[in-house]
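K.L.:
just a sequence and a predicted model for now, questions to come.
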Amino acid sequence: MDTRISEIAERIRALRDATGFSQDEMAKATGVTKKEYNDYEDGMQDFTFTFLYECAEKFGVDIIELLTGENPHLSGYTLVRKGKGLPMKRRKGFEYGHLAYSFKNKMAEPFVVTAPYNVDELNNTPTSSHDGQEFNYVLKGRMKFVHGDHIEELGEGDSVYYNSSKRHGMAAMDKDGCVFLAIVLKEEHR
């Protein structure tokens, strides 16, 4: 079992115990079956961003606390140099760099996302949903964007802003992949 996955799973289990939520309640809150939730909590399955985001919202903690075990502490500003975002690999092949991981009480979760080209995902783009809204801005390459029954092609400099509670997904359209800025806006600020 991947050490990082097991550490995140243990933090989720500990927070669930501390907050008094049942596994059934957490499965419902995260939009997965009880078995899938148990697999996540047992560290048997790598986490999706949506699952972690929904857990953090239910527990009333910052997603960074789930990922690192530390609370963000900056409130004036935070500076993240090029390539130094907190790394996350939360969808097979996708790399997320969190750009505000040390800022507390965030109203948004900003990421630079690198999406690899995968012909299977291009033809059948995986989708998920989470509360709030999201903004994506393509920095490099082309992206297939799916929102419900709508499909759009975005190129460098194109952006999309959408209701993320509706199923959505992205896939790189070029063999060199796609890089985009993703800003997840929370439904309401805690």
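P.N.:
Right, received. Where do you want to start?

K.L.:
where does the protein dip in pLDDT?
P.N.:
1-3, 89-90, 188-190 (pLDDT under 70).

K.L.:
what comes into contact with stretch 131-141?
P.N.:
For stretch 131-141, contacts defined as CB atoms under 8 Å, 6 or more residues apart in numbering pick out 54, 57, 112, 143, 145, 154-165, 168, 170, 172-174, 176-187. No exception for glycine: its C-beta is placed from N, CA and C like everyone else's.

K.L.:
check which residues of it are buried.
P.N.:
Using 16 or more other CB atoms under 10 Å as the test for burial, stretch 131-141 gives Asp131, Gly132, Gln133, Glu134, Phe135, Asn136, Val138, Gly141.

K.L.:
which of the residues you listed fall in strands?
P.N.:
Gln133, Glu134, Phe135, Asn136, Val138 (DSSP state E).

K.L.:
adding distance to Ile12, write those out as JSON lines.
P.N.:
Formatted as JSON lines, these follow (distance: CB to CB, whole Å):
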{"residue": "Gln133", "distance to Ile12": "25"}
{"residue": "Glu134", "distance to Ile12": "23"}
{"residue": "Phe135", "distance to Ile12": "27"}
{"residue": "Asn136", "distance to Ile12": "27"}
{"residue": "Val138", "distance to Ile12": "32"}
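
K.L.:
which two among those are spaced furthest apart?
P.N.:
Maximum pairwise distance in these, criterion CB to CB, is 17.7 Å, between Gln133 and Val138.

K.L.:
just the strands in the chain please.
P.N.:
Using DSSP E, the strands of the chain run over 86-91, 94-98, 108-115, 133-140, 143-147, 150-154, 159-163, 168-172, 178-185.

K.L.:
the lengthiest helix in the chain - contacts with which helices or strands?
P.N.:
Looking across the chain with DSSP state H, the single longest helix is helix 3-19. Packing contacts for helix 3-19, counted by 3 or more CB pairs under 8 Å, 6 or more residues apart in numbering; DSSP states H and E, involve helix 34-41, helix 49-59, helix 63-68.
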